[in-house]
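**Student:** just a sequence and a predicted model for now, questions to come.
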Amino acid sequence: MKGTMTEYMNRENYVVSAIAAEGNIRAFAATTRGIVEEARARHDTSPVVTAALGRLMTGAAMMGVQMKEAAGKLTLTIKGDGPVQSLTVVADAEGDVKGYAAEPQAIAHSTNGKLNVKGVVGKGSLTVVKDIGLKEPYVGTCELVSGEIAEDLTYYYAVSEQTPTVMALGVLMNKDNTVRQAGGFMIQLMPGASDELAAELENIVLALPPITSMLDENEKPEEILEDILSHFGYEELEKKPVRFRCDCSRDKIALALAGLNKYDLLDLMVSQKEVEVKCDYCGNTYLFGREELKGLYKKFHRAGKDERKEENKTEENGEQ
Ligand SMILES: [Zn+2]
């Protein structure tokens, strides 16, 4: 153990970005224990779902930081025929990450004592939606080639973005099923990279121990990247803090309720004294009383106002 406990706490949750080989290699590495543990605690996920969701969140955190546009936002969705059914993660360029699993308590039988991420995910597809503030977001979909997440993201980069990528993602659990380590790295070859460079890099990466072992040995993400890329002129660019953060709010949830079919909303109004709405991403709940629901109904669905409209105080006040 090289670092102290305080040092360990302080270095949680960041993505380091770097370049090497005169810009022909672009690299990222992340430590995300706090993010994955928060997701586990908020969603009460089983260990194998914690691992699957944690890997996807870690990959998304690096892909989010990679976006150059400050308002950039990324949604990764994995849909599979395994017990977890789906995983959804959103990350942005500012380092905010959130995510959830459709079946948080799903389990998958393991034959080797390791968490069977592939088994809990199954066969299916990965969809990447990149919103960089243009009119239409970029959407790329590919099949899952392994269900282990890192290989699937690598495959996505190869087929959808024509970017050769090596990626490692890992989550290591404590005996009490809390998260002990989480992190990963992503190394990409730019169009100018030679085949020799690619082969050399591949050999180095293949010889590495698992990412969580390195983190558990107290290696920092930047040290891991430097180890891998030391022959290629490693140059660290930035260290960006990342966190679990959901941007849900009462107003946003109210808008979603208002967006219900008017008869569903009416039905809720008459059948429930109050309605509890849970945010999928963070698990926070919001309570809406009957009066509030009536208010939403009046505002968005009263005669002649069938179309859902954005909040507009002037319009509301002027219409009685
Ligand atoms: Zn939320």
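**Tutor:** The structure has been received and is ready for your questions. Numbering: from 1, shown residues only.
**Student:** next, the closest residue to Glu292 other than its chain neighbours: secondary structure please.
**Tutor:** Leaving aside its sequence neighbours, Glu292 sits nearest to Ala254 (CB to CB, 6 or more residues apart in numbering; 7.6 Å). Where C-beta positions appear, they are placed from N, C-alpha and C, glycine not excepted. Following DSSP: H, G, I helix; E, B strand; the rest coil, Ala254 is assigned to helix.
**Student:** per-residue confidence for Ala254?
**Tutor:** In this model, Ala254 is scored at 91, pLDDT.
**Student:** with Met67 as the reference, measure out to it.
**Tutor:** Distance, Ala254 to Met67, using CB to CB, to the nearest Å: 30 Å.
**Student:** who are the contact partners of Leu197?
**Tutor:** Applying CB atoms under 8 Å, 6 or more residues apart in numbering to Leu197 gives the contacts 21, 24-25, 189, 232.
**Student:** ranges for the helices of the stretch 51-200 of the chain?
**Tutor:** Along the stretch 51-200 of the chain, the stretches classed as helices by DSSP state H, counting those that start in this stretch are 117-121, 150-160, 195-206.
**Student:** for these, give me TSV that also has mean pLDDT and distance to the ion.
**Tutor:** Formatted as TSV, the helices of the stretch 51-200 of the chain follow (pLDDT from 0 to 100; distance: least, CB to the ion, whole Å):
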stretch	mean pLDDT	distance to the ion
helix 117-121	97	23
helix 150-160	96	24
helix 195-206	94	36
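**Student:** okay, the ones you listed, which one's buried deepest?
**Tutor:** Most buried of the helices of the stretch 51-200 of the chain, by mean neighbour count (mean count of other CB atoms under 10 Å): helix 117-121, with a mean of 26.
**Student:** with just CA atoms, put it into CSV.
**Tutor:** C-alpha atoms of helix 117-121 as CSV (Å, rounded to 0.1, in the frame of the first residue of the first chain):
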residue,chain,number,x,y,z
VAL,A,117,-21.8,-10.0,-15.9
LYS,A,118,-22.1,-11.6,-19.3
GLY,A,119,-24.7,-13.9,-17.9
VAL,A,120,-26.8,-11.2,-16.3
VAL,A,121,-26.7,-9.1,-19.4
